[in-house]
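Colleague: give me a 3D structure for the following:
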Amino acid sequence: MTGNRSAMKKAYWGFPIVQIAKNFLRGKYAAEMLRKLLTRLKERVIAPPSADPMPWLLSTRISLDDFCKKIDGPLWEECKNDSQEIQIAADTKLKSLDIDLGGGGNFPLLHFLVRKMKPSNVVETGVAAGFSSKAILNALKKNGSGRLYSSDFPYFRIQDPEKYIGYVVDDELKDNWTCLVKGDRSNLPNILSRIDSIDIFHYDSDKSYSGREWAIKLILPRMRKGGVVIMDDIQDNCYFEDLVKQNKVKASVFEFQRKYVGLFFVG
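Modeller: Below is the predicted model of the structure:
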């Protein structure tokens with residue numbers, strides 16, 4: 001990227017009052033911005049979580065390499081090579097920016113699962129720069145079928161945030177992509193009105209406990225049997241641990257780029 005990444009303006013962090021106010025006054029995102037700010041205030045300041053998710057994560061995590069090799073070793077090796085190419089192409093495109101859009105989810109895992117499961121409908125929340133979207137869409141193209149439905153909300157700390165959504169996704173991949181940008185509370189019901197069931201669900205948006213809980217309660221009844229749920233940044237709170245324990249499902253946890261992602265198959 002241009003210059004020192006640590007010195008770049010982060011699109012996802014800080015409190016630039018003037019720019020936040022400008023995006024708020026645009027009107028169409030005001031209600032969702034206010035909801036997000038109030039949720040963060042409540043869960044990080046007023047009533048922060050008392051439980052530490054790390055002991056369970058550290059005791060549960062397994063090797064991503066071993067997990068994927070056990071499912072399909074040759075395909076996993078192919079997908080690792082594809083993922084390296086995706087990373088290089090995305091990094092090259094991001095070099096033109098002076099804004100840090102953040103990293104992606106565990107896109108090698110997503111690319112592999114899409115290739116292996118050959119889904120008809122993939123739903124993801126949280127697009128940002130578009131690493132995960134690019135990996136999923138690339139896999140769908142290789143499969144020759146399937147569609148990705150994405151829910152995102154523009155970064156409200158920067159100017160003209162819409163133009164950065166899915167920045168690294170190539171135009172040639174967008175034919176099989178529906179991307180909605182009004183926030184999960186609007187986007188997910190809209191997406192569910194268009195499809196019968198979900199084969200793969202990737203959650204990487206609102207990291208609050210209540211945000212995760214709302215989305216999963218909405219999505220789980222629409223997951224097909226044998227489908228998979230993947231959730232990023234589960235080190236932020238204990239929601240994923242509580243979810244799998246309450247539903248008595250076998251979960252897999254992986255460490256990726258110093259963050260944690262959880263996965264379970266729907267029975």
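Colleague: who does F201 bridge with?
Modeller: Under the criterion DSSP bridges, F201 forms beta bridges with V123, V229.
Colleague: quick one, what contacts it?
Modeller: V122, V123, E124, I219, M223, G227, V228, V229, I230 (C-beta atoms under 8 Å, 6 or more residues apart in numbering). Quick note: C-beta positions are derived from backbone N, CA and C, even for glycine.
Colleague: same deal with I86?
Modeller: F107, H111, F131, K134, A135, N138.
Colleague: kindly reformat the residues you listed as TSV containing secondary structure.
Modeller: Shown next, in TSV, are the contacts of I86 (DSSP: H, G, I helix; E, B strand; the rest coil):
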residue	secondary structure
F107	helix
H111	helix
F131	helix
K134	helix
A135	helix
N138	helix
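Colleague: low-confidence stretches in the stretch 101-250 of the chain?
Modeller: Counting by pLDDT under 70, the stretch 101-250 of the chain shows low-confidence ranges at 156-158.
Colleague: the strands in the protein, which residues?
Modeller: Per DSSP state E, the chain carries strands over the ranges 9-10, 99-100, 121-125, 147-151, 177-180, 198-203, 223-232, 251-256, 259-265.
Colleague: any idea how far the residue nearest the centre of the chain lies from V229?
Modeller: Geometric centre of the chain, nearest residue: D204, 2.7 Å, by C-alpha atoms, centre = their mean. In this view, D204 and V229 are 12 Å apart by C-beta to C-beta, to the nearest Å.
Colleague: quick revisit: can you tell me which of the contacts of I86 has the most neighbours?
Modeller: Greatest neighbour count in these, by other C-beta atoms under 10 Å, goes to A135: 30 neighbours.
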